[in-house]
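*Asks:* Fold the following, please.
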Amino acid sequence: MRLTVTMSGRQGTVSLPLHYQHLLQGLLYRSLENEQLAAFLHDKGFRHGKRSFKLFTFSRLFGTHQVNRERKTIHFLGDFQWHIDTVLPELTQQLGQRFLLQREIELYGQLIEVKSVKMENIDIRENEINIVMLSPLTVYSTYETFDGRKKTQFFDPDDEVFPHLIELNFRHKYEAYYGVPPTERLLIEPIHVHHRHRVVTMFKNIYITGWLGYYRLCSSPEQLTFLYHVGLGGRNSQGFGMFRVKSG
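*Replies:* Numbering: from 1, shown residues only. As a prediction, the model looks like this:
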């Protein structure tokens with residue numbers, strides 16, 4: 001279930017750090033009244049081997065804004081929207097109730113008015129869809145060097161391992177949730193991805209390379225629907241990998 005929350009600042013402009021994803025993640029966790037659910041998602045998640053998946057994702061903020069590169073801040077001038085999605089019904093219910101019943105929240109020391117909450121339950125019925133990213137798609141591999149240091153390598157959409165790692169990540173998430181592997185393959189093809197779609201984000205002092213742009217996904221409708229709700233690629237619960245289906 002996808003939530004679209006429309007908000008605006010009580011005092012007008014809302015000013016945030018340019019890299020604000022960690023603030024949105026914190027807001028999401030604070031909005032959960034069920035402390036057991038919040039602790040499970042934050043500390044454990046759904047396991048596949050050594051990997052843990054939260055099975056939710058969220059978008060960037062969309063609205064009229066100004067960016068101050070020198071101060072590394074972004075200023076939203078009116079209404080702005082935030083999309084949240086998950087396959088977990090309890091998470092959707094709690095977030096929806098929180099934003100509907102308590103119409104004022106605090107974000108980065110500023111009072112924010114929740115103006116509306118829209119819920120959409122989308123079931124994809126095609127085997128092939130064109131998508132546009134609502135938050136950067138990140139694909140990476142972590143390895144250990146000979147001297148014991150951990151290194152992370154990020155991959156571009158034109159790298160030959162990019163689709164393989166996307167599919168592997170999807171299979172791990174699917175099996176972590178359902179307990180069985182997916183029955184169909186997942187194929188991804190970049191349609192329109194330019195260098196300007198490359199986004200470097202700092203999340204809690206870690207630099208993460210991701211990509212916006214347009215892609216084509218091929219799989220079963222059921223598996224594409226699952227992917228729509230949990231996000232594509234890695235770090236979904238940190239605000240990466242959310243997409244919408246492109247119409248037309």
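
*Asks:* Please work out how many residues are found near Leu232.
*Replies:* Using other CB atoms under 10 Å, Leu232 has 26 neighbouring residues. All C-beta spots, glycine's among them, are computed from the backbone N, C-alpha and C.

*Asks:* does the residue nearest to it when sequence neighbours are not counted count as helix, strand or coil?
*Replies:* Nearest residue to Leu232, sequence neighbours excluded (CB to CB, 6 or more residues apart in numbering): Gly241, at 4.3 Å. Put simply, Gly241 is coil when judged by DSSP: H, G, I helix; E, B strand; the rest coil.

*Asks:* from memory Gly241 sits against Thr138, does it?
*Replies:* Yes - judged on CB atoms under 8 Å, Gly241 makes contact with Thr138 at a distance of 7.0 Å.

*Asks:* between the two, who's got more neighbours?
*Replies:* Neighbours per residue, other CB under 10 Å: of Gly241 and Thr138, the larger number sits with Gly241, 27 against 21.

*Asks:* Counting by contacts, list what whatever helix or strand Leu77 lives in packs against.
*Replies:* Assigned by DSSP states H and E, Leu77 falls within strand 73-86. Taking 3 or more CB pairs under 8 Å, 6 or more residues apart in numbering; DSSP states H and E as contact, the helices and strands that strand 73-86 lies on are strand 2-9, strand 14-17, strand 56-68, helix 221-230.

*Asks:* One more pass at 6 Å, please.
*Replies:* strand 2-9, strand 14-17, strand 56-68 (3 or more CB pairs under 6 Å, 6 or more residues apart in numbering; DSSP states H and E).

*Asks:* The lowest-mean-pLDDT helix or strand in the chain: partners in the sheet, and parallel or antiparallel?
*Replies:* Within the chain, no helix or strand scores below strand 140-144, which has a mean of 88 by mean pLDDT, DSSP states H and E. The pairing partners recorded for strand 140-144 under DSSP bridges are strand 150-154 (antiparallel).
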